[in-house]
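Participant: The following block contains a protein sequence and its predicted model.
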Amino acid sequence: MEARGIRLPGKVLMIGAMCVALIMAGCTSSSNPSATGGTPTTGGTAVFAEQPSDTPNYIFPFTSSSFISISNLNDFSWLLYRPMYWFANGTQPTFNPSVSVANPPTFSGRTVTITLKNWKWSNGTPVTASDVMFWINMMLAVPQDWGADVPGGFPTNVSNIHVVSPAELQMTMDKSFNTTWFLYNELSQITPMPAAWDRTASGPSHCDTTVSDCAAVYAYLDGQSKDLSTYVSSPLWSIVDGPWKLSAFNADGHVTFVPNKSYSGPVKPKLAAFEEVPFTTDSAEYDVLQSPSGATKINVGYIPTNDAPAKPAGAATGSNPLSARGYTLSPWYTWGISYYPLNLQSTDGDHAAIFKQLYFRQAMAYMMNQAAVISGPLRGYGQLTVGPVGNYPPTNYLSAQGKAGDPFPYNPSKAKSLLAGNGWKVVPGGLSTCVKPGSAPGDCGAGVTAGSSLNFNMVYATGLSWVTSEMTQLQSNVAPVGIKLALSPKPFNEVVALGAGNCVAAKIPCNWDMADWGLGWSFAPDYYPSGETLFTTGSLANASGYTDPKNDSMINQTLTSTNLQYLYNWQDYLAKQLPVQWQPNGPFQITEVSNNLRGVLPQNPTLTINPETWYFVK
């Protein structure tokens, strides 16, 4: 969830609503029938298909690494409780001040001033600087419970945080940070929380002014958030400042939102209701999309990749198989990267020691055939992941090395050579074993014992057919070099809870080897791809537990300087160090939108949705 930028003139940063210059691709508009235009009607219910086996299960926006996901934030809590700063401008992942709760921050030297707009909670109370302090103090009190926490990051990298007035907050940065980074990756994390949440089971508390009160408040709110049956009736969760309120919620994933009539933002919902509906598999969802007239209607759904029309080279899509049913096809690509971690902290035998060997990580990388996955199960839709910085949409964040393509193109011979040259007896079709334990050149490496075998468990998310195909392809690819992958399919939420966070930092079991939730990492709520959230030592989102002092130092250089060369140097280094295993960044989904529903397209690469902009036409 992160990203990086340009030097801005003067001492004061005021980022406008236009696409900023650091994005090389321009703002785009869409001529698709499902974009804009037509005669709007007020009312109607738009139905949105959830990702397979990926349902919202946590409402509190202060989300731990076990629950941080698109389904819980972008598609759920952010519709109810707005982050202080919003990022989305058409197809660009840039700051959007017009729909943000606060005005753009101002920087004078190291002093940061935040001024809130005149927004209100649905109970009539204003959104205040104290509501922002509530969130910040909770970050100070329980950083281990915020899924995007980075050791040494916000708010520990600021001091003198204080409320100036009900609408104004100030703080002092510890050093002269890159102000674009500070907005995109630090202030972007804050979601104001209403005073009514500042309580425990015993009664009101004072987390907004007293950090020591916050742990008990968090424990109470976390417990309430895990009680899914109370989401609609709870006096806590019914206080919102976003455009929507909950009217129905079922633990199976059926969710209904209705407009928040007290919403202070500039775009009021035109729909009478917005529904999210669950599916166990993408094929089950596609069956509904193809159902005869009169069956359950989906207004915003998706085609499984194995059923998608093959995309010719250079084309945006193939021929839409649902055009006759009144749908427009539009792939939804992510500002992010995709990968699966090897657990460098695994408690399963000496697997962690094996994973810590760079030669082994390189061997695994050479066995992931990204190009074949894109041309095969992804049907031509998708992007190569070339390192820690995304390559879509095109930006000047990506180095020349990144633009050159896959740093580890499929090469079984290189993989076999790496293993054989580092102390392993390679047994094609069987199990390769360590025959030269030790840490000298040519040995298996520190901590790897004699007789250790390359036999691992791979947990992966069910529901997406292309992910299943990718996993079986990888299993087949590694067999000729004597690596055995035992595939273990599980629901998405289980895989994320198990493997998407740093198990040691989050104090959860580390008894897993490899985990693939399929959808990688979207740069949100950190939009600047500087890497501190995913790859610094001890970060909660550092899923593999990777640690490297050189990497940490190079990342820190990118946080204080606007010189993009530091960003290029870092990503070029880390791309080849393989803190995780790069894999194809498939589209979040290949979306099908009803032609009579407008405002859905173009889709935001930060994967946020704004159903308040949607409307039906006559």
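Facilitator: Alright, I've got the coordinates.

Participant: how about low-confidence regions in this protein?
Facilitator: Across the chain, residues meeting the criterion (pLDDT under 70) sit at 1-36, 293-296.

Participant: what residue lies at the spatial centre of it?
Facilitator: Geometric centre of the chain, nearest residue: Ser522, 3.1 Å, by Cα atoms, centre = their mean.

Participant: Specify the beta-bridge partners of that one.
Facilitator: Gly336 (DSSP bridges).

Participant: mind checking how far it is from His254?
Facilitator: Relative to His254, Ser522 is positioned 24 Å away (Cβ to Cβ, to the nearest Å). C-betas here are computed from N, CA, C, even on glycine.

Participant: same thing with Pro489?
Facilitator: Counting by Cβ to Cβ, the gap from Pro489 to His254 is 24 Å.

Participant: I'd assumed Tyr546 was in contact with Leu342.
Facilitator: No. If you go by Cβ atoms under 8 Å, Leu342 and Tyr546 don't touch, sitting 9.3 Å apart.

Participant: Need the overlap of contacts for these two.
Facilitator: When contacts are counted by Cβ atoms under 8 Å, 6 or more residues apart in numbering, Leu342 and Tyr546 have Val580 as shared neighbours.

Participant: Show me where the stretch 301-450 of the chain has its helices.
Facilitator: Ranges of helices within the stretch 301-450 of the chain are 351-355, 358-367, 370-375, 400-403, 412-420, based on DSSP state H, counting those that start in this stretch.

Participant: Go through these and name the closest to Leu140.
Facilitator: The closest of the helices of the stretch 301-450 of the chain to Leu140 is helix 351-355. By Cβ to Cβ, the value is 31.7 Å.

Participant: residues making contact with that closest one?
Facilitator: Contact with helix 351-355 is made by 342-346, 360-361, 444-448, 452, 454, 456, 513, 544, as judged by Cβ under 8 Å, 6+ apart.

Participant: again, 7 Å this time
Facilitator: Outside helix 351-355, the residues within contact range by Cβ atoms under 7 Å, 6 or more residues apart in numbering are 342-346, 360-361, 445-448, 452, 456, 513.

Participant: List just the nearest of those residues to Trp244.
Facilitator: Closest approach to Trp244 among the contacts of helix 351-355 (Cβ to Cβ): Asn343, at 37.7 Å.

Participant: show me what contacts the closest one?
Facilitator: Contact partners of Asn343, counting by Cβ under 7 Å, 6+ apart, are Ala352, Phe355, Cys510, Trp512, Asp513, Met514, Ser544, Gly545.

Participant: and with 6 Å instead?
Facilitator: Trp512, Asp513 (Cβ atoms under 6 Å, 6 or more residues apart in numbering).

Participant: ok so, going back, is it correct that the residue nearest to the centre of the chain is in contact with Ile337?
Facilitator: No. Between Ser522 and Ile337 there is no contact under Cβ atoms under 6 Å: 9.0 Å.

Participant: Which one of the helices of the stretch 301-450 of the chain lies nearest to Val127?
Facilitator: With Cβ to Cβ as the measure, helix 400-403 is the member of the helices of the stretch 301-450 of the chain nearest Val127 (39.7 Å).
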